[in-house]
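Chemist: Build me a model:
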Amino acid sequence: MKNYIFLSLIFFLIGAQTLVAQNTEYATDENILYTSDASEYAQERCKLDIYYPENKTDFTTVVWFHGGGITGGNKFIPEKLKEQGIAVVAVNYRLSPKVKCPVYIEDAAAAVAWTFKNIEKYGGRKDKIVVSGHSAGGYLTSMVGFDKHYLAAHDINADHIAMLIPFSGHTVTHFTIRDERGIPGTQAIVDEYAPLYFVRPDAPPTIFITGDREQEMLGRYEENAYMWRMMKVAGHKNCKLMELDGFNHGEMASPALEVLLKEIRVLDKP
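Modeler: Numbering: from 1, shown residues only. Coordinates of the predicted model:
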């Protein structure tokens, strides 16, 4: 009887959340320029879209960075994040080889800073900003969140990010940065362009998510597992590692979005 009551309550709450999401109206503002750089390529690429609930306030916002190896890809709102009572800021950033490191990291930081400075105009809260992305987007997520100087350039404290959720991102120096230097992708390095270089106990709550270690690319699970372990060693108290068995590097993004939604629900609790 107790189990029946408990399950009934769970289904009621899920149904209530779904009803709220269905009754919420959403809008999208597109191609917002987030940089003061007047160069032609910055004016072309440094734009973002914001998808947000119109008749709701105090919502969580996910800043989403697309993948593509820092050499390709375009901004998009993940379908699984739509109509969930949250806002999504989808970001374009400049790409290699037209620019070199650290320009694209600086672009990512500028987009996060824009979100901090503007989300309240849309009804969101600055203390409920989550940064996430897949592959190259996961790498940018970690660099902006762990190396504090990128956001500090915009007078933003990276520790004010509510949560970092990189999907299958490099934690060593990204292979495209190594390629820019003539270093092969099989030679790992850890320098100031590696999230691992900035392990610290006071970083925002972090969830590292990867695909199956036997199906991921370039040892991505092992990189994330090592960073997770070093975060623990450093004394970080709110850091998780999740391996999505049976999913390769590309496939893992869809179930990882389900994990993201589950994890950020804690931000919406009173």
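Chemist: Low-confidence bits of the chain, can you list those?
Modeler: 1-22, 270 (pLDDT under 70).
Chemist: Settle this for me: Ala153 is touching Asp107, isn't it.
Modeler: No: counting by CB atoms under 8 Å, Asp107 is not a contact partner of Ala153; they are 11.9 Å apart. Placement of C-beta: from N, CA and C, glycine included.
Chemist: More neighbours: which of those two?
Modeler: A count of neighbours by other CB atoms under 10 Å puts Asp107 above the other of Ala153 and Asp107, at 26 against 12.
Chemist: ok, how many other residues are close to Gln187?
Modeler: 10.
Chemist: Same question for Leu48.
Modeler: Leu48: 23 surrounding residues under other CB under 10 Å.
Chemist: Same question for Leu196.
Modeler: 20.
Chemist: wait, it sits on Gly169?
Modeler: No: between Leu196 and Gly169 no contact is recorded; they are 11.2 Å apart, counting by CB under 8 Å.
Chemist: Give me the common contacts of those two.
Modeler: Residues touching both Leu196 and Gly169 (CB atoms under 8 Å, 6 or more residues apart in numbering): there are none.
Chemist: At which residues are the strands of the stretch 51-200 of the chain located?
Modeler: Using DSSP state E, counting those that start in this stretch, the strands found in the stretch 51-200 of the chain span residues 59-65, 87-91, 124-134, 163-167.
Chemist: can you put those in CSV and add mean neighbour count and distance to His236?
Modeler: As requested, the strands of the stretch 51-200 of the chain are arranged in CSV below (neighbours: other CB atoms under 10 Å; distance: least, CB to CB, whole Å):
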stretch, mean neighbour count, distance to His236
strand 59-65, 27, 21
strand 87-91, 26, 26
strand 124-134, 22, 16
strand 163-167, 28, 11
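Chemist: Which of those strands sits closest to Leu244?
Modeler: Taking CB to CB, strand 163-167 is the member of these nearest to Leu244, at 9.5 Å.
Chemist: what helices or strands is that closest one leaning on?
Modeler: Other helices and strands packing on strand 163-167, by 3 or more CB pairs under 8 Å, 6 or more residues apart in numbering; DSSP states H and E, are strand 124-134, helix 136-146, strand 206-211, helix 253-264.
Chemist: Using a markdown table, lay out the ones you listed together with distance to Val190.
Modeler: Converted to a markdown table, the helices and strands packed on strand 163-167 look like this (distance: least, CB to CB, whole Å):
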| stretch | distance to Val190 |
| --- | --- |
| strand 124-134 | 21 |
| helix 136-146 | 12 |
| strand 206-211 | 16 |
| helix 253-264 | 24 |
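Chemist: List the contacts of Thr171.
Modeler: Ser142, Ala194, Pro195, Leu196, Phe208, Glu223, Asn224, Tyr226, Met227.
Chemist: These: which two are farthest apart?
Modeler: Across these (CB to CB), the longest gap, 14.2 Å, separates Ala194 and Phe208.
Chemist: Looking at the two, which has the bigger crowd around it?
Modeler: Set side by side, Ala194 and Phe208 show more neighbours around Phe208, with 27 against 24, by other CB under 10 Å.
Chemist: Give me the neighbour count for Arg200.
Modeler: With other CB under 10 Å as criterion, Arg200 counts 14.
Chemist: actually Leu244, sorry about that
Modeler: 23.
Chemist: excluding its backbone neighbours, what's nearest it?
Modeler: Met252 (4.8 Å; CB to CB, 6 or more residues apart in numbering).
Chemist: what about the one you found, distance to Lys117?
Modeler: 32 Å (CB to CB, to the nearest Å).
Chemist: what about those two, which has more around it?
Modeler: Met252 (28 against 14).
Chemist: show me what contacts the more buried one?
Modeler: Counting by CB under 8 Å, 6+ apart, the residues that Met252 touches are Phe167, Ser168, Ile209, Thr210, Gly211, Asp212, Glu216, Leu244.
Chemist: Tell me the one among those residues nearest to Lys100.
Modeler: The closest of those, once distances to Lys100 are taken by CB to CB, is Ser168, at 23.4 Å.
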